[in-house]
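Participant: Quick one, structure for this:
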Amino acid sequence: MTAKRTAPTAKALRALVGDLRQIASVKRFVLSDGPEAGIETLAFSTGGGLDFWVTAGRGMDIATLSWRGIQLAWQSPAGFRIPSAGAGAGDKAFNRAFGGFLNTCGFEHIRQPADGHPLHGSAPFTPARLNGYGEDWNTAEPLLYCEGEFVVWTLGGGGHRLHRRIETPIGGSTLRIVDTVEVIGPDPAPIMALYHFNLGYPLHREGTEISLDGVVLTGPLPRHEPAPAQSTLHVAPPGRVVCRVDGGGATVAFRWSTDTLPWLQLWRDLRPRCGVLSIEPCSIARSEDGRNEPVSFTEPGQSLRFEIEVILADVA
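Facilitator: Coordinates of the predicted model:
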């Protein structure tokens, strides 16, 4: 699948517009309504048909994502909120705020609650510190970008620091996520990661297919199903792999290296009034009882790097 375009140059465009942000921009704002109030957000517009929001107030995750004016990211009734730690949250607080294009899971744990760890670990929805953002026209490939980081830490329980950079070529149809997760406690600790990408209508519709390196894993899907499907786990071939979702007039492809994300997990809930389809590159396998397989520990001060590229295109 090819979706790359030649980016316009600043030199060619400066004579045509009063401000280059007319062409492509990153704009910073704060949500102010209901449970989303106070969430710091960045709105990316590439000028190539790809627009998305990065919510610094929710772990530098991606909330909305639209292609040529059509929203493809699944939205939940909870909105873009931080789950309350109060009564009723329990070990499945993740489900109280689940939604948007990307929810990052980890880093001491992923998947179902176990051994005192909450659903998908402690990282989801942690507010981040925004280190920088903007438009860079002075590179070989002009791009929009943001960088930020957050810490998950408990005295006596270890901790992790995530540094994230998101960038997207101006005039293009791709975005890149580059994460570095460091062990910051005094003792060795695991680093687990699961990238919970969530797609909705019209990408999910009757006939949608999901493939991994050209091999169809799921589909054609029906419009609705009576119950949530059991998640399935797939070994990704060595090297750089592509998981592609075809449906609804567009395709979305996820490309990553299996050096640190050797597994792909798929999950969906296609009941009426839900309609979510999840693509989940992850770092470790799952045993038959649903628990994580054993994972090696990383020394204090050491880190792992995860990179994922998201590619949008029209159906050929």
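
Participant: Isn't Pro83 up against Lys92?
Facilitator: No - Pro83 is not in contact with Lys92 according to Cβ atoms under 8 Å; the separation is 9.4 Å. From N, CA and C alone the C-beta is placed, and that goes for glycine too.

Participant: Just want to know which of these two has more residues nearby.
Facilitator: Between Pro83 and Lys92, Pro83 has the larger neighbour count (other Cβ atoms under 10 Å), namely 20 against 15.

Participant: Against Val276, how distant is that one?
Facilitator: Distance, Pro83 to Val276, by Cβ to Cβ, to the nearest Å: 17 Å.

Participant: can you check Phe52 too?
Facilitator: Here Phe52 is placed at a distance of 18 Å from Val276 (Cβ to Cβ).

Participant: SS state for Gln35?
Facilitator: For the record, residue 35 is Pro, not Gln. Put simply, Pro35 is helix when judged by DSSP: H, G, I helix; E, B strand; the rest coil.

Participant: if I pick the residue nearest to it when sequence neighbours are not counted, what's in contact with it?
Facilitator: Closest residue in space to Pro35, ignoring its immediate chain neighbours: Arg81 at 4.0 Å, by Cβ to Cβ, 6 or more residues apart in numbering. Arg81 makes contacts with Pro35, Glu36, Ile39, Arg58, Arg96, Ala97, Phe125, as judged by Cβ atoms under 8 Å, 6 or more residues apart in numbering.

Participant: Swap in 10 Å and give it another go.
Facilitator: Residues in contact with Arg81 (Cβ atoms under 10 Å, 6 or more residues apart in numbering) are 31, 34-39, 55, 57-58, 96-97, 99, 125.

Participant: Now for Pro83 and Lys92: what residues contact both?
Facilitator: Common neighbours of Pro83 and Lys92 (Cβ under 10 Å, 6+ apart) are Phe98, Pro118.

Participant: thinking again about what came up before, okay, Phe52 and Val276: which has more neighbours?
Facilitator: Higher neighbour count among Phe52 and Val276: Phe52, with 26 against 20, using other Cβ under 10 Å.

Participant: Just give me how far the strand or helix carrying that one sits from the chain centre.
Facilitator: Phe52 is part of strand 50-55, with elements assigned from DSSP states H and E. Offset of strand 50-55 from its chain centre (Cα atoms, centre = their mean, to the nearest Å): 11 Å.

Participant: Please enumerate residues in contact with the helix or strand bottoming out on mean pLDDT in the chain?
Facilitator: Each helix and strand of the chain was given a mean pLDDT (mean pLDDT, DSSP states H and E); the minimum falls on helix 10-14 at a mean of 78. Contacts to helix 10-14, defined as Cβ under 10 Å, 6+ apart, come from residues 20, 22-24, 47, 135-139, 142, 170-171.

Participant: For Gly18, which three-state class applies?
Facilitator: For Gly18, the assignment made with three-state DSSP gives coil.
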